[in-house]
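S.K.: Make a model of this:
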Amino acid sequence: MITIPAWFALALLGPRVEVVQQQQEQQQPPPQQPSPQPTKESFDTLELRVASVRPRQVVVDRGMTDGLLAKDRVLFRPRDGRVVAGTVVAAYERDAVVELDDPAIVLAPGTKGDARIPSSRRPAAAKTVPPPAEAPAPDAAKVAPAAPAPTEHPPWERQEDALKDGEPLLARIRPFRPEEREPEITGRVYTIFDDSHSTEGPHSDTFARTGTSLLLENPAHSGGELRFDGEVNYRHADVPTGDDDGEERTDFRLDRFSYTHGGNRFSHDRFEFGRFLQYEMPEFGVVDGGQWTHRLAGGDTFGASAGFLPDATTHEDHGDDLEFAGYYRWVADESEQLSLAGGYQKTFHHLDSDRDLLVGKILYLPVKGWDLAGTAWVDLYTAKDEAKGAGLGLTQAYLSTGKHFDGGSSLRFTYTHQEFPETQLDLFTPVTVAELANAHSDRAAVTTAQRLAKNFGVFASGGAWVDEEDAGGDGEVGFDIEEFAFHGSRLELAGFGTQGRFSTTLGGRAGLGGTTGNGSWLVGYEFTYDDIAGFAADNNSLPQHRLRASWDVNTASRWSLSIHADFLLFDTETSYAAGFFLQRSF
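M.R.: A predicted model of the protein is given here:
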């Protein structure tokens, strides 16, 4: 069942409330009816981007004004195809801090993500429902004396229809159809710039991205949606390689250009055509083609897609790879807090049979209690797959479960697995047959935090990993003090270490940050000492000193700016990195 969005509900409730008030002034109240049961919450998808990066955390460009709150789960989708999850630990007016499930992962600024939030949080009602006009003041000379209040009300001439138990309050209110609504355009424009330089080599790298994300709702009063996501990338790298000491290139990257029709209260069928990330099963990637989905009365959905697969890195479509896919998603009830989904994708390279991919996932997001998110990519291989051999192969897996307890503590367990699939798709840098057969990475991690006092908390994380060549573990423990030096400040101190077969790392870091009325800032220092096996005595240890600083600001006019700088001193070499993320939403 598709529920009525919050903005639409409030827009309709306005005149309904006014009519009810007028009736109550003129008529006696009707017989008391049983109170309707509360309806289950529906959820919307909130798209966001990484604005800046911190140790174990990222700052995203959405906040409380967009409906994002602390403890919300966020899924990030980097360009390399991984799924990275995290939890909102602090939400401000126009941005939020997300702590990643796996502290070892570092996301790049501009990485896209999304969060499922209750529809009732969406702020559209504030801009959709205009404030009531003030009635003109009456002329005192023309105001007649008030009549004495009647002792009895006349009998009710109209009875309100009684609501049934469990029936939504707005179930009998007619929604606006597309031809009754005006088209609306929303979106964002952004610029991302990063520059780094190292004396080792020496080498440098400059990377700039400028783009826009646009959504045109209800074009030509048709009820559809037209979406566009594109950006221009510029890169200049100077890396000594002998004959060629540099590279410079400019590319246009089209991430999305599609038209969607249906999939709302007026139609259970949803059609999308163009270039888009596949609906309900984004694990199947971006497709140039079409997709159809159907929603059943109980909330389950199923669908199919067909089209060409563009290059995963540049999103250029060479027409080499064709795909067909289908999926089914089951939900336990209308709240969709528990869902199971499974899908199959078949690809062809130059019309030759290539990849058979199975994807299964589970999502459980209760209001309170343990949450669970898991996804598995399983490839079906045949005898012609030289490296893998016939049978099933687990290519990627992600499983995370955690809980926020009363009092501020939290606990989360995460497991990830990744290896190369054997396919002719242009997904990765070409690898050898031996790497296809043996290369893999498995990691299990646990993170926990506990508030010992209102302004004092401790946290710890640990992980163990294994790949085709090495195995080891890592850990971190620290504490933070809120309101450390002044209002809105936060001090964090932590120590960490990593133990592997070939290297050992020990270190510590300190960070002082704060929040202002329209943003946040952070300065930090980190020291690490690496002991590396297999080198000469004068080159087997590497101390490193790192200084970091970042500043994030958001304005009421929906401008967002994030600036960061990083200076590193290692052995006798130095390096720096600096950049910014500028965005305007409308």
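S.K.: can you give me the helices for the stretch 101-250 of the chain?
M.R.: Under the criterion DSSP state H, counting those that start in this stretch, helices of the stretch 101-250 of the chain are mapped to 124-128.
S.K.: in it, which segments are predicted with low confidence?
M.R.: Residue ranges of the stretch 101-250 of the chain with pLDDT under 70: 122-174, 241-246.
S.K.: what about the strands in it?
M.R.: In the stretch 101-250 of the chain, the strands defined using DSSP state E, counting those that start in this stretch lie at 112-118, 184-198, 203-217, 225-238, 247-264.
S.K.: Deepest-packed of these, please.
M.R.: Ranked by average neighbour count under the criterion mean count of other CB atoms under 10 Å, these are headed by strand 112-118 at a mean of 19. Any C-beta I mention is one placed from the backbone N, CA and C, and that applies to glycine too.
S.K.: which residues touch that one?
M.R.: Strand 112-118 is contacted from outside by 41-50, 60, 62, 67-69, 72-77, 88, 365, using CB atoms under 8 Å, 6 or more residues apart in numbering.
S.K.: Just the buried ones from these, in ChimeraX syntax?
M.R.: The following ChimeraX line selects those of the contacts of strand 112-118 that are buried, judged by 16 or more other CB atoms under 10 Å:
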select :41,42,43,44,46,48,49,50,60,62,67,68,69,72,73,74,75,76,77,88,365
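S.K.: what ranges of the stretch 301-450 of the chain fall below the confidence cut-off?
M.R.: Residues of the stretch 301-450 of the chain that meet the cut-off, pLDDT under 70, sit at 426-429.
S.K.: could you redo the last one with a cut-off of 90?
M.R.: 311-320, 333-337, 365-369, 383-387, 389, 404-409, 420, 422-440 (pLDDT under 90).
S.K.: all helices of it, in order?
M.R.: In the stretch 301-450 of the chain, the helices defined using DSSP H, counting those that start in this stretch lie at 433-438.
S.K.: can I get the strands of the stretch 101-250 of the chain in JSON lines with distance to Thr504?
M.R.: Listed next are the strands of the stretch 101-250 of the chain as JSON lines, based on distance: least, CB to CB, whole Å:
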{"stretch": "strand 112-118", "distance to Thr504": "34"}
{"stretch": "strand 184-198", "distance to Thr504": "24"}
{"stretch": "strand 203-217", "distance to Thr504": "27"}
{"stretch": "strand 225-238", "distance to Thr504": "32"}
{"stretch": "strand 247-264", "distance to Thr504": "35"}
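S.K.: right, so of those strands, which gets closest to Glu573?
M.R.: For the strands of the stretch 101-250 of the chain, proximity to Glu573 was assessed by CB to CB; strand 184-198 is nearest, at 6.6 Å.
S.K.: Note down every partner strand of the closest one and its orientation.
M.R.: strand 203-217 (antiparallel), strand 573-585 (antiparallel) (DSSP bridges).
S.K.: So which bits of the shortest one are buried?
M.R.: Buried residues in strand 573-585, counted by 16+ other CB under 10 Å: 575-577, 579-585.
S.K.: Give me the contact list for stretch 441-454.
M.R.: With CB under 8 Å, 6+ apart, stretch 441-454 has contacts from 99, 101-104, 402, 407-419, 457-467, 482.
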